[in-house]
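Asks: Turn this into a structure:
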Amino acid sequence: MTAPAEGCQPLPWQGAALSVPDAMDLVLVGGRGGGKSTLLSMLIVRDAMRFGKGYIAALVRRDLAGLLKLQSEIQQLIDAQPELKGTKYLASKKEFRFSNGATLFLPVSYTHLRAHET
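Replies: The predicted structure is shown next:
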């Protein structure tokens, strides 16, 4: 990513997590308020930028409030990236369509996610 959104500079541990090679798995564990969700948003936007139309992902949360918080964080990160100007959030489909062809689904349920299968 180029410059992060104002106020969204990664914490040192988040910066280290952002540099983990693709060949390795990354597990985010811990209590509330540590920045795991923010890191997840950063990883999503970073990978959408890296992989373009080859990036198709779904972000599933147990509760709607948590999903809406992540949607807002992701939008803030997108807005801070000039390369992603033109990215749209389609509320009726609950998905981000990135200007570089990447797609992120935010299903509110497993049934909604299954509706996107081809």
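
Asks: Which residues are in contact with W13?
Replies: Applying Cβ atoms under 8 Å, 6 or more residues apart in numbering to W13 gives the contacts G35. Where you see a C-beta, it was placed from the backbone N, CA and C, and this is true even at glycine.

Asks: what about it, helix or strand, and which?
Replies: Under the criterion of DSSP states H and E, W13 resides in helix 12-18.

Asks: Check the model's average confidence along that helix for me.
Replies: Helix 12-18 comes out with an average pLDDT of 92.

Asks: same question, stretch 102-112
Replies: Mean pLDDT, computed over stretch 102-112, is 79.

Asks: For the closest residue in space to E83 that isn't next to it in sequence, list the residues it contacts.
Replies: Leaving aside its chain neighbours, E83 sits nearest to M49 (6.3 Å; criterion: Cβ to Cβ, 6 or more residues apart in numbering). By Cβ under 8 Å, 6+ apart, the residues touching M49 are M1, Q81, E83, L84, F98, N100, A102.

Asks: What is the neighbour count of the second one?
Replies: This points to Q81. With neighbours defined by other Cβ atoms under 10 Å, the count for Q81 comes to 20.

Asks: Going forward, count from 12.
Replies: All right, first residue 12 from here; so that's Q92.

Asks: From what I see, it and R57 are in contact.
Replies: No. Counting by Cβ atoms under 8 Å, Q92 does not reach R57; the two are 9.7 Å apart.

Asks: Enumerate every residue touching K47.
Replies: Taking Cβ under 8 Å, 6+ apart, one finds L39, V40, G41 in contact with K47.

Asks: Quick check: it vs E84, distance?
Replies: Using Cβ to Cβ, to the nearest Å, K47 is found at 12 Å from E84.

Asks: Run through the strands of the protein in chain order.
Replies: 67-69, 99-101, 106-108, 114-116 (DSSP state E).

Asks: what pairs with A68 across the strands?
Replies: When assigned by DSSP bridges, A68 has beta-bridge partners L115.

Asks: Please work out how many residues are found near it.
Replies: Neighbours of A68 using other Cβ under 10 Å come to 14.

Asks: returning to what we had before: redo the strands of the chain as a markdown table? Include distance to A34.
Replies: As requested, these are exported to a markdown table (distance: least, Cβ to Cβ, whole Å):
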| stretch | distance to A34 |
| --- | --- |
| strand 67-69 | 18 |
| strand 99-101 | 31 |
| strand 106-108 | 26 |
| strand 114-116 | 23 |
